[in-house]
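Trainee: any chance you could fold what I've pasted below:
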Amino acid sequence: MWVFGYGSLIWQPDFPVAEAVPARLEGWHRSFCMRSIHHRGSEAAPGLVLALDAAAGAACLGVAFRVAPGAEAETLAMLRERELVSSAYLERMLEVALTDGRTVEALAYVIDPAHVQYCGGLLLEEQAQIIAEAVGGRGPNREYLWNTAAHLDQLGLGDPDLDWLAARVRALVQR
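Mentor: I've put the predicted structure just below:
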């Protein structure tokens with residue numbers, strides 16, 4: 001069983017990993033397009049979390065994790081509890097290209113663009129303003145952003161939008 005991580009799963013998979021390989025997912029892009037009312041915000045003051053948003057010609061760099069043999073069922077249950085806390089994510093099996101040349105089918109969580117929590121197309125500045133202030137059950141929204149951007153950079157998978165957002169949110173918080 002493979003799982004594609006593009007956000008917090010990269011730095012906090014919370015399941016036994018047998019193998020982790022940088023990977024590319026075609027036809028999707030990583031975006032702060034989901035309002036978070038649980039983990040990184042609240043219903044009163046939603047934060048933003050990353051989701052895979054379908055887009056022709058797009059590609060998302062992330063990490064494909066092979067779940068340790070024997071841990072598949074417990075991993076799937078944990079991921080469903082974590083990722084499907086609301087119905088904004090859809091569970092999909094998608095083909096990802098590993099950097100070592102292999103292609104695998106990986107479990108991925110993508111945004112449902114018809115869901116009320118979907119907010120695709122927000123300007124980066126608006127995203128920064130929200131992320132700088134929001135706090136949810138798993139902590140400040142900005143920590144989620146900073147951890148994700150830092151881990152992507154460490155893996156050589158830097159995301160220019162996340163890098164800009166990380167710097168902008170730091171500037172907003174330091175005011």
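Trainee: how about the closest residue in space to residue 104 that isn't next to it in sequence, phi and psi?
Mentor: Of all residues not flanking residue 104 in the chain, residue 2 sits nearest, at 4.7 Å (Cβ to Cβ, 6 or more residues apart in numbering). Where C-beta positions appear, they are placed from N, C-alpha and C, glycine not excepted. Taking degrees, to the nearest 10, you get phi -110, psi 150 for the backbone angles of residue 2.
Trainee: for residue 102, same thing?
Mentor: phi -80, psi 160.
Trainee: now for it: which residues touch it?
Mentor: For residue 102, the contact set (Cβ atoms under 8 Å, 6 or more residues apart in numbering) comprises residue 21.
Trainee: residue 122 too?
Mentor: Residues near residue 122 by Cβ under 8 Å, 6+ apart: 32, 33, 48, 130.
Trainee: repeat that for residue 116.
Mentor: By Cβ under 8 Å, 6+ apart, the residues touching residue 116 are residue 88.
Trainee: isn't there a strand covering it?
Mentor: No: counting by DSSP: H, G, I helix; E, B strand; the rest coil, residue 116 is not part of a strand but coil.
Trainee: nearest to residue 163, of the contacts of residue 122?
Mentor: Nearest to residue 163 out of the contacts of residue 122 is residue 32 (Cβ to Cβ; 13.2 Å).
Trainee: state the pLDDT value of the closest one.
Mentor: Per-residue pLDDT puts residue 32 at 97.
Trainee: once you drop chain neighbours, what's closest to it?
Mentor: Once flanking residues are discounted, residue 32 sits nearest to residue 48: 4.2 Å by Cβ to Cβ, 6+ apart.
Trainee: the helix or strand hosting that neighbour packs against which elements?
Mentor: Per DSSP states H and E: residue 48 is located in strand 47-67. On a contact count with 3 or more Cβ pairs under 8 Å, 6 or more residues apart in numbering; DSSP states H and E, strand 47-67 meets strand 2-5, helix 8-11, strand 17-36, strand 89-98, strand 103-111, helix 124-133, helix 141-154.
Trainee: rerun that using 6 Å as the cut-off
Mentor: Other helices and strands packing on strand 47-67, by 3 or more Cβ pairs under 6 Å, 6 or more residues apart in numbering; DSSP states H and E, are strand 2-5, strand 17-36, strand 103-111, helix 124-133.
Trainee: distance from the last one to the middle of the chain?
Mentor: Just to be clear, that refers to helix 124-133. Its chain's C-alpha centre and that of helix 124-133 lie 16 Å apart, by Cα atoms, centre = their mean, to the nearest Å.
Trainee: for it, buried residues please.
Mentor: Buried residues in helix 124-133, counted by 16 or more other Cβ atoms under 10 Å: 127, 128, 130, 131, 132, 133.
Trainee: adding pLDDT and distance to residue 173, write those out as a markdown table.
Mentor: Shown next, in a markdown table, are the buried residues of helix 124-133 (pLDDT from 0 to 100; distance: Cβ to Cβ, whole Å):
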| residue | pLDDT | distance to residue 173 |
| --- | --- | --- |
| 127 | 98 | 14 |
| 128 | 98 | 10 |
| 130 | 98 | 13 |
| 131 | 98 | 10 |
| 132 | 98 | 6 |
| 133 | 96 | 9 |
